[in-house]
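A.B. asks: the following comprises the amino acid sequence and a computationally predicted model.
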Amino acid sequence: MELKREGYLKAFVVLSTEQAISKFFEIYFNLIVYIQDILRSSLQILISL
């Protein structure tokens, strides 16, 4: 019984870690896209001046 609970705990930790990592990358890529949009729009403003 004790071994089984330990297994569940390990599985939970691994799952949580994977979710945290994927969430981090999701935010990271969204940030990159957002920054590219800002750069692109500021470039267009500079060109139009």
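C.D. replies: Done, it's in.
A.B. asks: contacts, neighbours, all on C-alpha from now
C.D. replies: Noted.
A.B. asks: how about low-confidence regions in this structure?
C.D. replies: 1 (pLDDT under 70).
A.B. asks: swap in 80 and give it another go.
C.D. replies: Residues of the chain that meet the criterion pLDDT under 80 lie in 1-3.
A.B. asks: how about the helices in it?
C.D. replies: For the chain, the helices defined by DSSP state H cover 2-48.
A.B. asks: number of residues surrounding residue 37?
C.D. replies: Neighbour count of residue 37, defined by other CA atoms under 10 Å: 12.
A.B. asks: could you report the distance from it to residue 44?
C.D. replies: 11 Å (CA to CA, to the nearest Å).
A.B. asks: what of residue 30?
C.D. replies: 21 Å.
A.B. asks: repeat for residue 23
C.D. replies: Applying CA to CA to residue 23 and residue 44 gives a distance of 32 Å.
A.B. asks: check residue 7 too.
C.D. replies: Residue 7 is 56 Å from residue 44, by CA to CA.
A.B. asks: what do you get for residue 16?
C.D. replies: For residue 16, the distance to residue 44 - CA to CA - is 42 Å.
A.B. asks: can you check residue 22 too?
C.D. replies: With CA to CA as the criterion, residue 22 and residue 44 are 33 Å apart.
A.B. asks: ok, now residue 24?
C.D. replies: Counting by CA to CA - residue 24 and residue 44 are separated by 30 Å.
A.B. asks: do the same with residue 11
C.D. replies: From residue 11 over to residue 44 (counting by CA to CA), the distance is 49 Å.
A.B. asks: equivalent analysis for residue 32, please.
C.D. replies: Applying CA to CA to residue 32 and residue 44 gives a distance of 18 Å.
A.B. asks: can you check residue 33 too?
C.D. replies: In terms of CA to CA, residue 33 sits 16 Å off from residue 44.
A.B. asks: ditto for residue 2
C.D. replies: For residue 2, the distance to residue 44 - CA to CA - is 63 Å.
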